[in-house]
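> Next comes the sequence, and after it the predicted model I'd like to discuss.
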Amino acid sequence: MISCLVSNAINQDGPTSSTKMQRFTLMRNLDKKPWPYDLQQKLKQKNDGNVALFNTERQMLEALIARFHQIDPDVLLSHNLCGSVFEIIMARIQFFSVPHWSRIGRLKKSQFPTRKLDQGGYSGSSWIPRMVSCGRLLVDTFVSSKELVRETNYDLGFLAQKQLKTTRKDFDDDMLKEFYLTSDRLLQLVGHTETDTFLTFKLMLHLNILPLTKQLTGIAGNLWFRSL
């Protein structure tokens, strides 16, 4: 499942007052099992046309890349974006040989990037996010939070509690199959994923990540993506 928020009202020079946004969620079925029989009806009752269902993971990833191409965002945001998020997406794109993968960025590429050792090599090899996301800024709230606030833990749930005064519900990954048994549970999972997306977005605004890194870039005279 992939949930995204799209906002065109971000102030890069100061606090953002408007949080007007659009959202969409892409979801595939699990282990090729049928969807709960009343899922479509439940989505209609919620009047939620922003949830798209797919039978395979490849179809879902193709739809995500098509959305990137259509929306053409200037900034990509996620918690631990440069760590696990990019690693998972790129690994699955490579596994399924998904075409047009370079649309994640703005530079058309035909050759899939190879893994490289991280600086220091302490965490093994990984895909370097900027090799894929050329032309877009990357905001990783996990990395930026370490620079801007002093906490004992930088998980999304902990930061949401400390910085946003919001409790984030969490569940064990082993429970995932249970959510696919009924429509109500599945919609709970959709809500959980969308909430994580919103909390990440609110954390970026709360910490003023874009304005602060832009000011730092102007002072240091380097590239903005390096400040991020």
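Structure's in. What do you need?

> When you work out contacts or count neighbours from here on, use the C-alpha atoms and nothing else.
Will do.

> ok, residue 170 - how many residues close by?
Other residues lying near residue 170 total 9 when counted by other C-alpha atoms under 10 Å.

> Quick check on it: phi, psi?
Recorded main-chain torsions at residue 170 are phi -130, psi 160, according to degrees, to the nearest 10.

> residues contacting it?
With contacts taken as C-alpha atoms under 8 Å, 6 or more residues apart in numbering, residue 170 has the following neighbours: residue 157.

> Would you quantify the distance from it to residue 192?
Residue 170 sits 8 Å away from residue 192 when distances are taken as C-alpha to C-alpha, to the nearest Å.

> go on, residue 97?
Plainly put, residue 97 is 29 Å away from residue 192 if you go by C-alpha to C-alpha.

> What of residue 207?
Separation of residue 207 from residue 192 (C-alpha to C-alpha) stands at 22 Å.

> Repeat that for residue 154.
On the measure of C-alpha to C-alpha, residue 154 and residue 192 end up 19 Å apart.

> where exactly do the helices run in this structure?
Here the chain has its helices, by DSSP state H, at 39-45, 57-71, 86-96, 129-132, 141-148, 156-163, 176-179, 183-206, 209-220, 224-227.

> Which one of the ones you listed has the poorest average confidence?
The weakest mean pLDDT among these belongs to helix 129-132, with a mean of 80.

> Can you tell me what sits against stretch 21-37?
Stretch 21-37 is touched from outside by 1-8, 50-57, 60, 63-64, 177, 180-183, 190, 194, with contacts defined as C-alpha under 8 Å, 6+ apart.

> Can you select the buried ones from the residues you listed in ChimeraX?
Of the contacts of stretch 21-37, the buried ones can be selected in ChimeraX as follows, counting by 16 or more other C-alpha atoms under 10 Å:
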select :1,2,3,4,51,53,55,57,60,64,180,183,190,194
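
> one step back: who's more crowded, residue 97 and residue 192?
Shown here are residue 97 and residue 192; by other C-alpha under 10 Å, residue 192 has more neighbours (17 against 12).

> Hmm, residue 17 and residue 208 touching each other?
No: Residue 208 sits out of contact with residue 17 when judged by C-alpha atoms under 8 Å, with a separation of 11.6 Å.

> Of these two, which one has the most company?
Taking other C-alpha under 10 Å, residue 208 and residue 17 do not tie; residue 208 has more neighbours (18 against 10).

> who touches stretch 221-228?
Taking contacts as C-alpha under 8 Å, 6+ apart, the residues outside stretch 221-228 that touch it are 137, 138, 139, 140, 144, 213, 214, 216, 217.

> Now that we have those residues, can you turn them into TSV and tack on neighbour count and distance to residue 101?
Formatted as TSV, the entries for the contacts of stretch 221-228 read as follows, by neighbours: other C-alpha atoms under 10 Å; distance: C-alpha to C-alpha, whole Å:
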residue	neighbour count	distance to residue 101
137	19	17
138	21	17
139	22	20
140	21	21
144	20	26
213	19	28
214	19	28
216	16	32
217	17	29
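
> Between these, which sits nearest residue 83?
Lowest distance from residue 83 to the contacts of stretch 221-228 (C-alpha to C-alpha) belongs to residue 140, with 8.8 Å.

> what pairs with the closest one across the strands?
Beta bridges link residue 140 to residue 78 when assigned by DSSP bridges.

> Test my guess that it contacts residue 77.
Yes: with contacts defined as C-alpha under 8 Å, residue 140 counts as touching residue 77 at a distance of 6.0 Å.
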